[in-house]
Structure formats: C-alpha cells, structure tokens
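> I would like to see how this sequence folds:
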Amino acid sequence: MTPSTLALHRRSSVYLALCLALAIASPVSAQDAANNSNAATSGPSATDNTDNSASSNKAKTLAGLQVNANSAVSAIAPTQGSTIATEPQSIIGSTYIQENIAPTGDYTDAMAISPSVYTIAPNGSGLMETSVASIRGFQDGQYNVTFDGIPWGDSNDFTHHSTSYFTNQETSSVTVDRGPGTASTLGDATFGGTVSVESLVPTNDFNIHPYISLGSWETAIEGATIDTGKLNNSGTNAVVNVQNSTSDGYLTYAGQRRQNVFAKVVQPLGNNTTLTFGGMWNKINQYVPLGATKAQIAEYGPNYALNNNPDSQSYYRYNNDQISTYMGYVGLHSEFDGWTIDNKAYTYAYNHFGFNGLDPNGETPNGTFCNKKGDDCQDPDDVPGQHMRNWYRSWGDIFRLSKELGPGEIRTGLWFDHQDNLRWEYDFDDTVDLPAINTTGAPTKGSDSPVDRYMTDSLRTIQPFVEYQWNITDQAYLVGGVKYEDFLRDLDAEYNQKTGLPQDYSKEWNATLPSAAFHYAFTSDWTAYAQWAKGFLAPNLNLFYTTDPSLSDSALQPEKTTNWQLGTTWTNDRLTLSGDVYKIDFNNFIQSQKVGNITYFYNGGGVHYKGVELEGTYMLGGGFSVYANGSLNRAIQTESNTWNPNTPDKTAALGMIYSNGSVYASLIDKFVGKTYYTANTNDDTPIGGYAITNFTASYKFDPHISDVKDFKIGFQINNLFNNTHINALEGTTVADSTPLFWTIPARNFNFTVSADLF
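Below you'll find the predicted structure:
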C-alpha cells in the first residue's frame, strides 16, 4: 500500500491551560441521553467489569443519585465523575466521543482529555498505535483496558494495540478509573487502574446511519451503522457497524488502511434474563516509523519518518505492519429472587506480520551476509532488514454471582483466561526479499543465525474474588473484599529472545489482594468516598529472556501498589464537579542487572505517587457551558530519587461548549506539563510543557428528503495553533543509542457528513 495506492481509495507556559470556546449546539437526542446515562453509571462501580451494577440494595439506597445521571449537564460534560464511584474516575460519554474525537481516533484519544492522562498519537488520531498512554505516570501495560467488561491485551507485557480492535464509531463511552477498584475488578494489571470501553447499545428503532469523513493527509472514512430495532415479539435487536478508512498520515510515508466490522445482538429470554452476542473483526495495513533524531527533525522537518528510497533501510515498503484481529463474546445476565448471575465467555486473537529495516534511522550502513564484526559483507549494498510474526489467541470466562444478604449484598465470582502466543523474527535481505542466510557467512550485521527468535509461550490466569457491600444506612455503605491472583507462564523457545538459545521454562506466581472502600451520600447531589486497596501487575515475560531464569525468579514477587484515595462528586442539573487526592506506593519494582553473560532480575525499590485532581462542567445558560479539569502529579522513583519517566508534573484542560438547537461546537485546550525521559546513562532531559487546542462544530437538520430523518455535517480543527514541538521520547537508535523523538502532529482537519435514514 503506497501513498499513491492509498489515494485510489479516497471517496472524495502557564500553570493551567487556558482556552476560550464558542459554539451553537443541539439538544441531546434521546439516544445520546441514554448513552450518557449509561456512561455516568459505568466503570468499576456500575458496569459488569466489577459487578456493582448487580446490587439491588445499592440501587435502592442510591436511586436518587442514579436519577442525576440523566441531567442536562451530564449529557454534554466532556468528562465527569460518578456519584456511585468508590475511587477516582472520569467518564467520557458518547457526545464528547462522537463530536470531539477525530473519526479515525480510538479510546486513547478519548481518555486523553482526562486529568492526569498524557497520550501521544504521533501520526494523527488513530493513524498508528498510540506511543504513550500514561495515567498518573502508569504506562500502558501497567493498567487494564477492558471492552464490555472483558480484559484484553498482550500476555507478554499487558500492553494494548490501540488501533487493532474497536473503533471510535463503535464506542458509546470510555471510563478512566484511576485506581485498582474493589476485589471484583478483574485483570492482570489492576496495578495502575482500568480503562473501560463500552460498545454501542442496540436501539429499539430501525435506523441506517451512513457516514463519510474527509480530512488532512488524504484521510477518508466511509461507513454505516445499522440498528435493526426490535425484530420480533421477544424483543431481539441488533446493531452493526461497517467501516473502511485510509490515510497517508501526518508522518512522511506512514500511510494506513483499515477495515472494521462490529456487531452486537441482544436477545431477551423472559422478563429477567438477557443473552448478548458481541463480536468484531479488524484489519490494518500500515507503514510504521520508529521516531526521528533531533538532527533528522532539524534537517527534514517535524514530520520526518520514512522515505521512498529502495536503497534505504527507512524505505516505507520495508517498514510495514499487516495486522488482523477478532473478538467475540456471549454474555448471559439474569436476576431472580434477590440473586443476580452474570456470565461472559469470550475469545479474541491478534495476528501481526511485521517488516522493518534493520536500522531505519540510518546509523547502520547497508550490507548483508557479513562477518560477526560486520566489516566484511558479501552483499555490501543490499539493505538489511527483519521479518517477524506475533500471533496470540485468548479464550476465557468471567462468572459473577451476587445475592442480597442481610443489610447488603455478597458478590463472588471467577475469571479464567488462557492465552497462547507464537513469536518469531528472522533477518532478511530486503533488496532481494530473501532470508539473509548462506553457508559462508553470517546473515546480517554481527549475527550468527538468521533467526533472532522463535518461541511459543502461554499465560494462564485464575482470579477468584469475594466481597460484601454493607449498606450501613440509606446514605452510607462499606465495600470490603479480597481477590486471589494465580497465574502461570510457560515458555518453549527454540531461539529465545535476547539470548538466541533454546529455553523451556515455566513459573507460577500468586498474590492476595484485599480492598476496602467507604461511600457516603450527603445529599442526592453530593457524595464522597474513601478507598484503600492493593493493586497488582503480573511479571513480564522478559523475565525468561535469560540463560537461566531460575537464578532470579525463586524469590521474585509480583509488582504491587498500595492505594489511598479520597474523593467527592457533586452533580445536579447544571453542575458536575469532582475532586480527589491520592497517595500510591509502588513496591517490588522488578529490575535487572547483568553479571558476566547472565542477566539477573530482582525486586528493588519502586515509585511514590501522589497528587490532586479536579474536573467539572457548569452550564452557564443560553446553551453555553464551561469545562475545566486539572491535576498536580508527583512520581518519584525510590532507589534513584529521580522523576518517573512519562509522568507530567501537571495536566489541565479548559474550554467552552455551546449546545442549543441543531448545532454543536466546542473549543477545548489540553495542557501537559513537563515530563522527563532517560534515553541512556548520559541523557536525562526534560521535555517542556505544551498545549493543544481543538475546535469542533456540527449542525443537524431535516433535509426534507423522503426516508431521511436527519442530516448532519461536522467539522473539526485539531491543534488549532499548529504546535509541532517535540512531545515524547520513542526510544534510541540501534547502533549508537541516539534518542528518537515524536513531535505533535501539525494542524489538521476533518469534515464529516452523516444521516439517519428511515
């Protein structure tokens, strides 16, 4: 997929960031209100991710609070807290996602507006995987991401491929939970919190919603969402979204093509039981850069990435990802005689073929079939590269059971997950597109075999839990519980990563995680909570990337956090306001040292986190609302007493929204404070704070055309003031460990047209 091929698929420094906004927006539709109502009660305190939604006693106790979720301000707030939460959370509803996030975007673009969150999308929203997605300094892989309550991700390090599953158009809400949750919060990385993504909910009315979007960098999206409405007397209904997108991307020669299909069917079984089928399929073909040095940025511009020179290791055709994924689940929910049963069986898979030049940033000269020193090459002008595959499949089940008992409710359940993984990587001669192997010399620079790694591994996770919610009074309840973590890693490698030697090893770890939270409702508008909980992160597969893992893992403990958090939320018809303070101690930090040729891992030190966070939206009147959030964050590594990388010292957002009639518009600025990175032992440098301002507007009207109910046009300008400064470290070069950076994508736009038919 070259840039020309992509074209064929086109269808036509302050402490808090300041910004002004102007808009003229439409009242929220019934469906938007429903989605925002769901969003306002989602997250650890209300979704099936933690099962608190099952509490009949709690529903009675907090009925007045849940009514407030339907307030006018709740429908238009970019982020908001929850009146039933027991830890800090920011809920991003469908209105913000559909109006303010680029049509190519994903859940990381939505979570970016939240306090304490810092994300990097180097190629434009959703046009390559998000490079950084940090919450309070916890990086991707240190917190859970769930889809409709299902934890998903790579088992080797628990990171997530943000563009490889669900799309912006299939998402109804995103909740950023900044904490480990209660005992019923499941996942391998409750360590730093949970990002909960909820999919579309089928409506009761038939509708076809086609849409098309055109934007900067030759970006085009075509798709349609179909709601079947009720198909029969039993109430069966479904929603389907089909989408195609293409883009050249902001970075040079970093194009992407993506196709996605999503479907959900909801089948009532009587009055108290519902069966849900959900599934998605996604395919991506993209050209992937690895960042640029400061010298390259200065010479070629802030968007330099790949080139079109076949004699270069950064030739775009040599740096290509071909990824296909799927996810499916069957959910059963039933309530009877004070009992609630919720079960979800699922599977998902990821299949990635990757191709890259050996050193796309130009510090390693060409040459293949070289000796170990790399100074005598059989083909000195040929381009050295690598071909790889990463495939995994997970399957599992989440079972939850709750029962009214005494002055409250007892909840218990079990999560089981098993993931198999195949990973290989070979050296290639990209010039002739053949494996770089012969009988007289090594394949590429300094290696003895064309195989860098060939390995299979698996991770089995079992997490049972039990918790009790004691409804002390009509205003107060206490939730206490415990979760047990048991996970087993197994590695069978013909060529192990890092060592290149055979390895057959397995190890089982476990941990017990207690939690307690208190919730109090001062009034139906004002609630508060206090939480103490243990978080957890399963050990990374890289512990096995050594000649003898047993030398270090016998005493190795999983990484844990101890969380103390206090917070409050106020919500009425015109104001939603939340604030919290937190203190988190991260211990058992897994570190490594090399003695001779053997790498040892050990527990040492950790990080102390603390901070304060605020967010709120106030309706001024006449359709105008003002939104703001902010955080002060501190994260210090205990052994070195240095600032934790990718942790801004502050974040903030400020903007205005105008919603009245048939027009929506907003102007919102997000500010990210100073961050530090450590590229190598001689380079520990801050990246200064920066701000990005986005403007969006849309207009919905009746075109008076047969079978067309509504017609909508929308326009977005992202990075209004064209800030293209460096905003993140990507890594270092292969040869000389020169730092590689990302810059902020330049000012860009999207123009979207959609309709509701029939």
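> Extract the C-alpha set from stretch 492-506 and format it as PDB.
The C-alpha trace of stretch 492-506 is given here as PDB (Å, rounded to 0.1, in the frame of the first residue of the first chain):
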ATOM      1  CA  ASP A 492       9.100 -23.100  24.900                       C
ATOM      2  CA  ALA A 493      11.700 -21.400  22.700                       C
ATOM      3  CA  GLU A 494      13.900 -22.900  20.000                       C
ATOM      4  CA  TYR A 495      15.600 -19.500  19.900                       C
ATOM      5  CA  ASN A 496      14.800 -17.400  22.900                       C
ATOM      6  CA  GLN A 497      14.600 -13.700  22.700                       C
ATOM      7  CA  LYS A 498      17.800 -11.800  23.700                       C
ATOM      8  CA  THR A 499      19.800 -15.000  24.200                       C
ATOM      9  CA  GLY A 500      19.100 -16.800  20.900                       C
ATOM     10  CA  LEU A 501      19.400 -20.100  22.800                       C
ATOM     11  CA  PRO A 502      16.900 -22.800  23.500                       C
ATOM     12  CA  GLN A 503      14.700 -22.300  26.600                       C
ATOM     13  CA  ASP A 504      12.000 -24.500  28.100                       C
ATOM     14  CA  TYR A 505      10.800 -23.000  31.400                       C
ATOM     15  CA  SER A 506       7.600 -22.300  33.400                       C
END
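> which outside residues touch it?
Residues outside stretch 492-506 that contact it (Cβ atoms under 8 Å, 6 or more residues apart in numbering) are 423, 448-449, 451-457, 488-491, 542, 544-547, 549-550, 599. Yep, even glycine has a C-beta here, placed from its N, CA and C like the rest.
> again, but for stretch 334-347
Residues contacting stretch 334-347 (Cβ under 8 Å, 6+ apart): 48, 51, 54, 56, 148-150, 269, 272-274, 327-333, 393-404.
> go again using 6 Å as the cut-off
Defining contact as Cβ atoms under 6 Å, 6 or more residues apart in numbering, one finds that stretch 334-347 is touched by 48, 54, 150, 272-273, 328-333, 395, 397-404.
> One more: stretch 118-129?
So stretch 118-129 is contacted by 102, 104-106, 108-109, 112, 130-134, 161-163, 247, 249-251, 254, 256, 648, 672, 728, 742, 745 (Cβ under 6 Å, 6+ apart).
> Repeat the analysis, applying 7 Å as the threshold.
101-102, 104-106, 108-109, 111-112, 130-134, 161-163, 217, 247, 249-251, 254, 256, 286, 288, 646, 648, 651, 672, 727-728, 742, 745, 748 (Cβ atoms under 7 Å, 6 or more residues apart in numbering).
> And that stretch, what's buried?
118, 119, 120, 121, 122, 123, 124, 125, 126, 127, 128, 129 (16 or more other Cβ atoms under 10 Å).
> chain center to it, what's the gap?
11 Å (Cα atoms, centre = their mean, to the nearest Å).
> same deal with stretch 615-634?
The answer for stretch 615-634 is 24 Å, by Cα atoms, centre = their mean.
> mean confidence score for that stretch?
Stretch 615-634 comes out with an average pLDDT of 96.
> Quick check: end-to-end length of it?
This stretch, stretch 615-634, spans 18 Å end to end (Cα to Cα, to the nearest Å).
> Buried residues in that stretch, which are they?
Quick answer for stretch 615-634 (16+ other Cβ under 10 Å): 615-619, 623-625, 627-634.
> which of these lies closest to residue 431?
Of all these, residue 431 sits closest to residue 633, with 48.3 Å by Cβ to Cβ.
> Pull the number of nearby residues for the closest residue to the closest one other than its chain neighbours.
With Cβ to Cβ, 6 or more residues apart in numbering as the criterion, residue 633 has its nearest non-adjacent residue at 4.2 Å, and that residue is residue 611. Residue 611: 23 surrounding residues under other Cβ atoms under 10 Å.
> Kindly report the same for residue 754.
Residue 754 has 22 neighbours, counted by other Cβ under 10 Å.
> how about low-confidence regions in the chain?
When residues are selected by pLDDT under 70, those of the chain lie in 1-70, 371-375, 437-449, 553-554, 591-602, 678-685.
> which residue is nearest the middle of it?
residue 108 (4.8 Å; Cα atoms, centre = their mean).
> In the stretch 301-450 of the chain, what residue spans correspond to strands?
320-336, 339-357, 368-370, 377-379, 384-405, 408-429, 434-435 (DSSP state E, counting those that start in this stretch).
> Roughly how far does residue 358 sit from residue 452?
11 Å (Cβ to Cβ, to the nearest Å).
> Need the overlap of contacts for these two.
residue 386.
> quick one: which of these two has more around it?
Using other Cβ under 10 Å as the criterion, residue 358 and residue 452 rank with residue 358 on top: 22 against 19.
> Can you verify my assumption that the more buried one contacts residue 384?
Yes: here residue 358 reaches residue 384: they are 4.1 Å apart, a contact under Cβ atoms under 7 Å.
> ranges for the helices of the stretch 201-350 of the chain?
294-300 (DSSP state H, counting those that start in this stretch).
> cool, and the chain?
Using DSSP state H, the helices of the chain run over 3-8, 30-40, 56-61, 63-67, 72-76, 94-100, 107-111, 294-300, 550-553.
> Might one say that residue 724 is in contact with residue 743?
Yes: using Cβ under 7 Å, residue 724 is in contact with residue 743, at 5.3 Å.
> quick one, which of the two is more surrounded?
residue 743 (22 against 17).
> which one is that one nearest to, not counting chain neighbours?
Nearest residue to residue 743, sequence neighbours excluded (Cβ to Cβ, 6+ apart): residue 302, at 4.0 Å.
> check contacts around the nearest residue to residue 206 once chain neighbours are set aside.
Spatial nearest neighbour of residue 206, excluding adjacent residues (Cβ to Cβ, 6+ apart): residue 229 at 3.7 Å. Under the criterion of Cβ under 7 Å, 6+ apart, the contact list for residue 229 reads 203, 204, 205, 206, 237.
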